[in-house]
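S.K.: fold the following, please.
(2 chains)
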Amino acid sequence: GDSVTQMEGPVTLSEEAFLTINCTYTATGYPSLFWYVQYPGEGLQLLLKATKADDKGSNKGFEATYRKETTSFHLEKGSVQVSDSAVYFCALSYTGNQFYFGTGTSLTVIP
Amino acid sequence: ETGVTQSPTHLIKTRGQQVTLRCSSQSGHNTVSWYQQALGQGPQFIFQYYREEENGRGNFPPRFSGLQFPNYSSELNVNALELDDSALYLCASSLGSGGFGEKLFFGSGTQLSVL
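M.R.: Below you'll find the model as predicted:
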């Protein structure tokens, strides 16, 4: 079946450090891939997406590239800020009808 | 534009009871999806409603049911509550029922505790 596996957290980084959150997927077809972010006390928000292989999604300094050969969609940011502290969810969807989410990775950035 | 609002924010029920959770979709959105997020887990798809019809269902038993109203707001009903139903229930709205890269707008959720 279809599923998403994320690196386990929590992750703690100092401000301005480089961030990588690993995400791999198992899919029976060719889904779109997403990163959602959940800030404390708020609902999930779309961070970025990629709809086909080799596409790169980017937003707010975050990037992720859809790698079909490694079935991965790792999230990266070159220099994290305290305000990036949140829980990050990787997800896949074929049609927007149903999303498959990973278990989430908690990120804490300390000054 | 208004966001997705859910009510109540917290709820405590006992095993065997029934519960109704409510969701108002974002203005202009005609599709509502419901997800269950257990502690430490990612959201799991329960079902989706598009123009008042169920349009896809995840691996949840029939005691999980829903409704969508003409104004596109929605209810999630759970009968015969079990302890394992304790979770955060998320509602998400979108425009349209599908299409690659569909963007969901999530509410903050209803935290249900079953004792």
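S.K.: what sits against A:Y88?
M.R.: Under the criterion of C-beta atoms under 8 Å, 6 or more residues apart in numbering or on different chains, the neighbours of A:Y88 are A:Q6, A:I21, A:W35, A:Y36, A:V37, A:Q38, A:L47, A:L75, A:G104, A:T105, A:L107. No exception for glycine: its C-beta is placed from N, CA and C like everyone else's.
S.K.: the fifth one against A:L48, yeah?
M.R.: No: using C-beta atoms under 8 Å, A:V37 is not in contact with A:L48; the gap is 9.4 Å.
S.K.: residue ranges with poor pLDDT in the chain?
M.R.: Picking chain A for this. Along chain A, segments meeting pLDDT under 70 span A:96.
S.K.: my question was about chain B, not that one.
M.R.: B:1-2, B:96-102.
S.K.: that one: strands as residue ranges?
M.R.: Secondary structure of chain B, counting by DSSP state E: strands at B:5-7, B:10-13, B:19-24, B:31-37, B:44-50, B:53-57, B:64-68, B:74-78, B:87-94, B:105-106, B:110-114.
S.K.: what's the closest of the contacts of A:Y88 to chain B?
M.R.: Distance to chain B, by C-beta to the nearest C-beta, is smallest for A:G104 among the contacts of A:Y88, at 5.5 Å.
S.K.: which residues does the residue nearest the centre of chain A contact?
M.R.: In chain A, the residue lying closest to the centroid (C-alpha atoms, centre = their mean) is A:W35, at 3.6 Å. By C-beta under 8 Å, 6+ apart, the contact set of A:W35 is A:23, A:46-49, A:57, A:62, A:64, A:73, A:75, A:88-91.
S.K.: among the strands of chain B, show me which one is buried the most.
M.R.: Stretch with highest mean neighbour count among these: strand B:31-37 (a mean of 26; mean count of other C-beta atoms under 10 Å in any protein chain shown).
S.K.: chain B contacts on chain A?
M.R.: A:4, A:32, A:36, A:41-46, A:49, A:51, A:89, A:91, A:93-104 (C-beta under 8 Å from any C-beta of the partner chain).
S.K.: out of those, which are inside strands?
M.R.: Short answer: the residues of chain A next to chain B in strands (DSSP E) are A:V4, A:S32, A:Y36, A:Q45, A:L46, A:K49, A:F89, A:A91, A:S93, A:F99, A:Y100, A:F101.
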